[in-house]
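S.K.: the sequence and its predicted three-dimensional model are supplied below.
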Amino acid sequence: MNTSHDLVIVLDFGAQYSQLIARRVRELGVYSQIVPFNTSAEEIRKMAPKGIIFSGGPASVSQEGSPRPDKEVFSLGIPVLGICYGLQVMSLLLGGSVTCPEKKEYGIANISIRGKGELLKDIPDHSQVWMSHGDSVSAIPEGFVTTADTPNCPYTVIENSERKFYGVQFHPEVVHSVDGQKMLSNFVLGICKATADWNMGNFINEQVERIREEVGDGQVLCGLSGGVDSSVAAVLIHRAIGDRLVCVFVNNGMLRKHEAENVLELFGKHFNMRLQYADAEEAFLTALKGKTDPEDKRKTIGKLFVDTFYNEARKCGDITHLAQGTLYPDIVESKSPFGGPTSTIKSHHNVGGLPEDLKWKLLEPLKELFKDEVRELGRELGLPEELVDRHPFPGPGLGVRCIGEVTKERLDTLRDVDAIFIEEIRKAGLYGEIWQALADLLPVKSVGVQGDERTYREVCTLRAVTSQDAMTADWYRMPYDVMQRCASRICNEVKGVNRVLYDITSKPPGTIEWE
Ligand code: XMP
């Protein structure tokens, strides 16, 4: 795939951080791709990388069956950087030894530089790094020297500058390793002499080629939700194969204000894509009638979505591939320990398992990327900023924010509340620093006085959180004046609501969504 740009490959030994390494290299302007640890030296030679990085991994080199690279990679004349497990396996294969000391080392450590090698060029004499290892190198292979250590780890950084082999016991790719990016830069740009001319524009061209190759003369189906990931995936695939992409967009009646029109306008009219639109609002509302239990509601919405989606799909002719906007963080959890990343259909997209009669291959053009890289890609592809920077929105939509029974009337009320909340946050310039902002309508009424009139109307809550990955979240300290404007506009402009609360629960103990 990488024909015109320098490439650095990451041999994946099953580390949690493999993609992060690739991403850090891409940040240096050099294309980087992950390959399984057992990729043969011959295949690697054909890829012609400027450098090879061995990732870390959960195994111990002393464990039977623990992953090993093809030993011939050391004869390719290509520089190698081993990180953590990668350092250990390299040391072992080149004649050093590795032990499992009683004291394991996790967390922050400080390295002391013992000799200025190429990898540590321009790094201060003492530098903070992030350690996470059980095994340690106990004797380095012939031809290597130690260039840095820590009190617990005598061989923290080693190198053989003649053969251009380097190893670090810590993780330079994580932010806690203060000079980590400089070390990666020393390796990629200094030692490997890779040219820094890669960017997202190149990624598009390369992916377009790759998608064309993968799809051949087949047809791709993509479920469009209006969210960032599926939108970016759809536009990218459309660029590659045009009308051989067909998108299915299900309106479950629980979308945000004007969402359906916006999706149809943007993808149908502006991007001129083949769009199969299923307006299933009535069916969803009927199925949800009388239901108040959160799990029951979720299951009902999920099942009906799957049925609706596949019914639409069956109208689209011969489909060979199902596109998914799976991102790298989505597949981390389903990674096999030694075999490189494996992915399954993104379950929270609610597409569920494929029905028996539909034998499609998966197409996941974003699976190497992190969320912010996907946003950048979206911008590069010409998607509007309001879509590219969007907060996450759950598959069951406002259905899980309309607490209690879901009715058209309550959904319309919630849509209005939500629109005002988001508009005010955007106007205040706060949207970007918030992970997610959401409004919920409670099944509670309260007494109010509006004008001269006594009212008895519904209560809504506003919630905004900051988070890295939605696993944990902190409530957002919303400025009082923004809260005040939201509350005042909501009570004035939304007919059914006379009271506004602000949710100050973090996660845990609360979840981000209320149901
Ligand atoms: P919770 O509420 O579990 O949510 O703290 C964590 C993140 O996941 C989103 N979420 C969903 N996303 N389908 C989705 O695509 C779903 O069914 C779903 N439920 C929760 C939620 O909005 C938050 O970002």
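M.R.: Perfect, I can see it now.
S.K.: got a pLDDT number for whichever residue of the stretch 51-200 of the chain sits closest to the ligand?
M.R.: Residue of the stretch 51-200 of the chain nearest the ligand, by Cβ to the nearest ligand atom: V175 (22.5 Å). Any C-beta I mention is one placed from the backbone N, CA and C, and that applies to glycine too. We have a pLDDT of 90 for V175.
S.K.: and what of G117?
M.R.: 85.
S.K.: that one: what's it in contact with?
M.R.: By Cβ atoms under 8 Å, 6 or more residues apart in numbering, G117 lies in contact with 145, 147, 157, 159, 161, 166.
S.K.: of those residues, grab the buried ones for ChimeraX.
M.R.: In ChimeraX, this line selects whichever of the contacts of G117 come out buried by 16 or more other Cβ atoms under 10 Å:
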select :147,157,159,161,166
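S.K.: JSON lines for the contacts of G117, including pLDDT and secondary structure?
M.R.: Listed next are the contacts of G117 as JSON lines, based on pLDDT from 0 to 100; DSSP: H, G, I helix; E, B strand; the rest coil:
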{"residue": "V145", "pLDDT": "96", "secondary structure": "strand"}
{"residue": "T147", "pLDDT": "96", "secondary structure": "strand"}
{"residue": "V157", "pLDDT": "97", "secondary structure": "strand"}
{"residue": "E159", "pLDDT": "97", "secondary structure": "strand"}
{"residue": "S161", "pLDDT": "96", "secondary structure": "coil"}
{"residue": "Y166", "pLDDT": "98", "secondary structure": "strand"}
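S.K.: flag every residue of the stretch 151-300 of the chain that's near the ligand.
M.R.: Contact residues, the stretch 151-300 of the chain versus the ligand (Cβ under 6 Å from any ligand atom): none.
S.K.: now the helices for the stretch 151-300 of the chain?
M.R.: Residue ranges of the helices in the stretch 151-300 of the chain, as given by DSSP state H, counting those that start in this stretch, are 180-185, 200-215, 228-241, 259-263, 281-288, 294-314.
S.K.: export these to TSV and tack on mean pLDDT?
M.R.: As requested, the helices of the stretch 151-300 of the chain are exported to TSV (pLDDT from 0 to 100):
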stretch	mean pLDDT
helix 180-185	98
helix 200-215	94
helix 228-241	97
helix 259-263	96
helix 281-288	98
helix 294-314	94
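S.K.: can you show me the strands along the stretch 51-200 of the chain?
M.R.: For the stretch 51-200 of the chain, the strands defined by DSSP state E, counting those that start in this stretch occupy 51-54, 80-83, 97-99, 105-113, 126-133, 136-139, 145-150, 153-160, 165-168.
S.K.: can I get the ones you listed in a markdown table with distance to Q450?
M.R.: As requested, the strands of the stretch 51-200 of the chain are arranged in a markdown table below (distance: least, Cβ to Cβ, whole Å):
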| stretch | distance to Q450 |
| --- | --- |
| strand 51-54 | 64 |
| strand 80-83 | 63 |
| strand 97-99 | 73 |
| strand 105-113 | 56 |
| strand 126-133 | 56 |
| strand 136-139 | 70 |
| strand 145-150 | 66 |
| strand 153-160 | 68 |
| strand 165-168 | 65 |
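S.K.: how about the residue of the chain most remote from its centre, phi and psi?
M.R.: Ranked by distance from the centre of the chain (Cα atoms, centre = their mean), the top residue is D452, with 51.5 Å. When read as degrees, to the nearest 10, the backbone of D452 gives phi -100, psi 10.
S.K.: so what pLDDT did it get?
M.R.: 86.
S.K.: ditto for the one 3 residues further on
M.R.: Note on T455: pLDDT of 96.
S.K.: identify the bridge partners of it.
M.R.: G448 (DSSP bridges).
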